[in-house]
Every structure is written in C-alpha cells, then in structure tokens.
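Undergrad: Requesting a structural model of the entry that follows:
(chains A and B)
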Amino acid sequence: MPWIACELHTHTFHSDGRQTLRELAAGAKALGFECIALTDHNTMTGLQDKETIEREAGLAIVSGMEWTTFYGHMVTLGVTTYEDWRPVGPGDIHRGIARVHAGGGIAGMAHPFRIGSPICTGCFWEFDISDWNDIDYIEVWSGTFPSIKTDNARAFRLWTDKLNEGCRIAATSGRDWHSQERTEEPVAVTYLNMDEGAGTVTERAVRALAAGRASLTIGPLVTMEAVCGSGSFVIGDAVPAAELAEGRCTIHVHADFSVRRGLWSFPEQTYTVHVTGNNGVAAEGTVTADRPDCRVEVQAEGLRWLRAELWGTVRGVRALIAVTNAIYFNR
Amino acid sequence: MKKLVLDVQGQVAPVCSRSHITYRFPLGERVRKLTIHFAYEPKNMDDKDQAKALIMDSIAKYTEPEHAERVQAKWESFLPLKNLITVSVDDPVSHRGAGHRHDPEQVLVIAEAEASPGFVQGPMPAGLWDVTLSMHAVVTDSCRYTLQIWGEE
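TA: The predicted structure follows:
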C-alpha cells in the first residue's frame, strides 16, 4: 500500500483564504504533496471545480469542511454535502459528529489549544466531549515547523493521554493554509497509507485516517512494523493478545529519506528513534540517512500502544521531526 | 428590475458574541437573483487599553500557566481585536452557503446561474428564505450593522 503525502487543512477565497483552489493545488504540488483536503470554513462551494483541478495539477483533492463554530473548530473529511454547524451549542458536538459520520465523513479537533476568542474566534476547543471514541483524530501539529510550538505540544500531550486511556484516536498535521506565501520554516506532511480498494481518493483517505494509518513528519517518512509471535503488524493495526504470549515484540522502524526529495534538508546527523508507548519510552535507537533502519526489542507486558518518534536537530533546535500513529495491543 | 425585499439595521453588544440573528423573509415566484448588502462597523477595537484587558484575559484563559507570562509580554502582536459577523443563507428547501470572511462590508449574490464565493447557485424557490448573521465576536461596546436584500426577476 502506498504512503501518500497529504496536506489536510486548507482554505480558499470561498471562506477567508486568499487563494483559489487552482493556486492552492499548484502550490501543494510544488511542495511535493500528492493529495490535499479542502476544508474551507463553513462552506463546501470551493470544491465545485475539483475534478478539473485534480487533473490539471496532478494531485488528489479530498472533500472536507472546517466547522468554524463559536466553541471550537472541527475539521471534517469525506463529507460530500454541507452539514450545518450553526445549531451546535457547547454541549452538542456529539450530535454534530453523528451527522458527519452518517454522511460518510470523519471529524477531528483542529488546533485544539490555539488561543481562542476574541483573539481567534472559536479557535480553542471548548466543546464538552463525553465519548472520546467519537473523535476520529486530533490535529496535533498545526502550522509550519509545528512540533516546537507550545499549543501543539499541548495537543500532542492530549493525544498521548487519550491513547493511554485506551482510545484509538489518530493524529494529523494541518498547515491551516490560507495563502501562497513562501515560508522558510519546515512544512509538515501527513502521510496516509491508502489502500488500493474501491472508491474515490476521498473515501480511501477517510478509511486510512479512520484506521490510524498515518505518519507525520517535517522530513523523512517514518514507518514502523511490530513483529509479535507469528504475526507482523503495521501502523494502525491492533496486535491480538494471542500474539503476545512470548512477552516481547521486535519493532522495526524505517525512515525513508527519499520522500519529497530536494524539498527539505537537515544537517547531516544521527537521529534518535524513540519507540514510545503507554509506559513511556519503551526502546531507543538511531538512524542516519545511510542507515535508515532501526530494530529494537520491547517488552509486551502491559503494552497498549506504541508509536515511533524521530528526534533530531532542525534549524538549530532539538525537535521532534516525525511521529507515527500507533500500533495497538489488545489485552 | 431590482426590488428591495429586506432592509434592516441593528446593533449588537459584546454579550451577543456567540449568538445568531436570523431574518426570515418571503421571496416571490419570479425572483431569479438575490443581492445581499451587509455591512457592520466598527470593525476594529480602537481603544488600546480595553483591547489589552481583553487580550490579557484571553491569554490567561487559553494558555497554560507556565506560558501565560511569556505570551502576555507580546500582547500587542494580537492587535487589533476585531468584530466578526458572518452571513449565511438558507432557502425554503436547502442551505445556500456562507461567507466566513473578515470584510466588514460585503455584497453577496445568489442566483440561478451564479453565486458569490461560499454561496450556492441554483434554482431560486419561492417561499421563506433565511439570512443568518453569526456573531463570532463582538468586542466593541456596540457594533452597528445594516442588511439590505434586493430581489431581481
């Protein structure tokens, strides 16, 4: 299954963006994206020339909308018709999410800890959540060079907390891209491991993200495989309890430095790999551009989830460069 | 010929933030195009002291305590604070779009064969139409708006 470079949070002049869909698609293609989701604020009319622009730009466009409410911004992907955000009060978001799900879509919290009203209206998530399993994903990285920003770090901790509580919730990046202004900061990519089954790119992207088959990066694409018992498992999979009888798993982390070649560069270095789970850092290793594979052993006892993190130096800062979504462990 | 079908003006206060005002008006059988002129003012909060107080409160509320002081030190980067009212439209049958944008004066068209960005072109059913003003933020002591809608056959 191919990993597809996606930008999952964008706007055009159909809401408050300062770009057409054509300009956005061309800009995304130039940055090495193979797929974008259009998530205009409270409208889907920007998608009206979608097929033509997909052909022209040579990139896939996923339909979406950002519910830009008074109590939080919620990105929705895979919806094909407008769902009304206006009747949703602070205690009603589950009813809204139910409508998104009924329409074939998924819902994620956009930049949940960005400073809210009146600085940025509705930007801080204030909706009551009574069932976290209803939330399909959290945009843990918002904007460019996202991993060093404190409100993203807080969103990242929220994601980790929810994984620790047993929720199987995905994490994404999203630039919240409003215009074609150049940036010198590293651009984040959400890679989705799309199946080759039936349906449109939108449907395949939704399936991938709903299953947690996602990996975030500002550079190399990091993937992870767990070999437990007689089985081999990839990001988004759940390892059956029966495969954990030996009490340990081998984790193979691979960093693909060839992705989006020429569009990012970091100083030559030895990167640190953390294989992290509900018990903290379960194992540590290293990779370099020349030795992009890392194999470590982890104890399976008490394990509920694992992800791989790639740490290194970017722009003079020690930073999280890439992080996979989780492999889960059934107990 | 353009014919005025709605002409209202109003005033909202900060307490109206996070509320909607909907105007429901009848549209006749032969109307093929609506033009909506919506304007509100002021856009910005000019009183810097008042703005500073709101920004400081907002930072204290929405950032973690260990970061609040650092963010508050750059409070001026959040100026100017702005009122934000957006327009959305529903015809008797379906939703006709929204314009989530910051312009304090907007001329929006909805017609059979065309529509402003964010809005949906298509058949113009007769009956009761809704235009909704969504007050995302009212920061100034008062904010005045005008809403005029013309129908064209």
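Undergrad: show me where pLDDT drops low in chain B?
TA: Within chain B, no stretch falls below the threshold (pLDDT under 70).
Undergrad: Sketch out the strands for it, chain order is fine.
TA: For chain B, the strands defined by DSSP state E occupy B:2-12, B:19-27, B:33-41, B:84-90, B:95-99, B:105-111, B:127-137, B:143-152.
Undergrad: Pick the most buried one from those strands.
TA: strand B:95-99 (a mean of 24; mean count of other C-beta atoms under 10 Å in any protein chain shown). Yep, even glycine has a C-beta here, placed from its N, CA and C like the rest.
Undergrad: that older thread, now render the strands of chain B as CSV, adding distance to B:Phe119.
TA: As requested, these are exported to CSV (distance: least, C-beta to C-beta, whole Å):
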stretch, distance to B:Phe119
strand B:2-12, 16
strand B:19-27, 15
strand B:33-41, 9
strand B:84-90, 6
strand B:95-99, 4
strand B:105-111, 5
strand B:127-137, 11
strand B:143-152, 13
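Undergrad: Tell me which of these sits nearest to A:Leu8.
TA: Comparing the strands of chain B by their distance to A:Leu8 (C-beta to C-beta), the top pick is strand B:95-99, with 21.1 Å.
Undergrad: export the closest one as PDB, just CAs?
TA: Only the C-alpha atoms of strand B:95-99 are listed here, as PDB (Å, rounded to 0.1, in the frame of the first residue of the first chain):
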ATOM      1  CA  HIS B  95     -28.700  25.600   2.600                       C
ATOM      2  CA  ARG B  96     -27.300  28.200   0.200                       C
ATOM      3  CA  GLY B  97     -23.900  28.700   1.700                       C
ATOM      4  CA  ALA B  98     -21.900  31.000   3.900                       C
ATOM      5  CA  GLY B  99     -19.200  33.700   3.700                       C
END
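Undergrad: Could you tell me the angle between that strand and strand B:84-90?
TA: 160 degrees (axes from the mean of the first three to the mean of the last three C-alpha atoms, to 10 degrees).
Undergrad: hmm, who's touching the helix or strand containing A:Val100?
TA: Assigned by DSSP states H and E, A:Val100 falls within helix A:93-102. Residues outside helix A:93-102 that contact it (C-beta atoms under 8 Å, 6 or more residues apart in numbering or on different chains) are A:67, A:71-72, A:74, A:76, A:79, A:83, A:85, A:88, A:106-107, A:127-131, A:134-135.
Undergrad: Just after that helix, pick out the following helix or strand.
TA: Next in sequence after helix A:93-102, counting helices and strands by DSSP H and E, comes strand A:106-109.
Undergrad: So in that sheet, which strands flank the helix or strand following that following strand, and in what orientation?
TA: Counting by DSSP H and E, the next helix or strand C-terminal to strand A:106-109 is strand A:137-142. Neighbouring strands of strand A:137-142 in its sheet, by DSSP bridges, are strand A:106-109 (parallel), strand A:170-174 (parallel).
Undergrad: what's downstream of the longest one, the next helix or strand?
TA: Read it as strand A:170-174. Where DSSP H and E defines the elements, the next helix or strand beyond strand A:170-174 is strand A:189-193.
Undergrad: For that following strand, C-alpha coordinates in PDB please.
TA: Taking Å, rounded to 0.1, in the frame of the first residue of the first chain, the C-alpha atoms of strand A:189-193 are listed here in PDB:
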ATOM      1  CA  VAL A 189       3.200  16.400   5.900                       C
ATOM      2  CA  THR A 190       0.600  13.800   7.000                       C
ATOM      3  CA  TYR A 191       1.400  10.600   5.100                       C
ATOM      4  CA  LEU A 192      -1.700   8.400   4.800                       C
ATOM      5  CA  ASN A 193      -1.300   4.700   4.000                       C
END
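Undergrad: tell me what it is packed against?
TA: Where contact means 3 or more C-beta pairs under 8 Å, 6 or more residues apart in numbering or on different chains; DSSP states H and E, strand A:189-193 is packed against strand A:3-7, strand A:170-174, helix A:201-210, strand A:214-217.
Undergrad: again, only using 10 Å
TA: Applying 3 or more C-beta pairs under 10 Å, 6 or more residues apart in numbering or on different chains; DSSP states H and E, we find strand A:189-193 packed against strand A:3-7, strand A:35-38, strand A:137-142, strand A:170-174, helix A:201-210, strand A:214-217, strand A:221-228, strand A:317-324.
Undergrad: by how many degrees do the very next helix or strand once past the second one and helix A:201-210 diverge?
TA: So that's strand A:35-38. Next along the chain after strand A:35-38, taking DSSP H and E as the criterion, comes helix A:50-57. With the same axes, to 10 degrees defining the directions, helix A:50-57 sits at 90 degrees from helix A:201-210.
Undergrad: can you pull the buried residues of helix A:50-57?
TA: A:Lys50, A:Ile53, A:Glu54, A:Ala57 (16 or more other C-beta atoms under 10 Å in any protein chain shown).
Undergrad: Same question for the longest helix along chain A: list its buried residues.
TA: If you go by DSSP state H, chain A has its longest helix at helix A:150-164. The neighbour-count check on helix A:150-164 (16+ other C-beta under 10 Å) flags A:Asp151, A:Asn152, A:Ala153, A:Arg154, A:Ala155, A:Phe156, A:Leu158, A:Trp159, A:Thr160, A:Lys162, A:Leu163 as buried.
Undergrad: which of those residues lies closest to chain B?
TA: Nearest to chain B among the buried residues of helix A:150-164, counting by C-beta to the nearest C-beta, is A:Arg154 at 6.5 Å.
Undergrad: number of nearby residues for the residue lying closest to the closest one once chain neighbours are set aside?
TA: Closest residue in space to A:Arg154, ignoring its immediate chain neighbours: A:Phe113 at 4.4 Å, by C-beta to C-beta, 6 or more residues apart in numbering or on different chains. Counted with other C-beta atoms under 10 Å in any protein chain shown, residues neighbouring A:Phe113 total 24.
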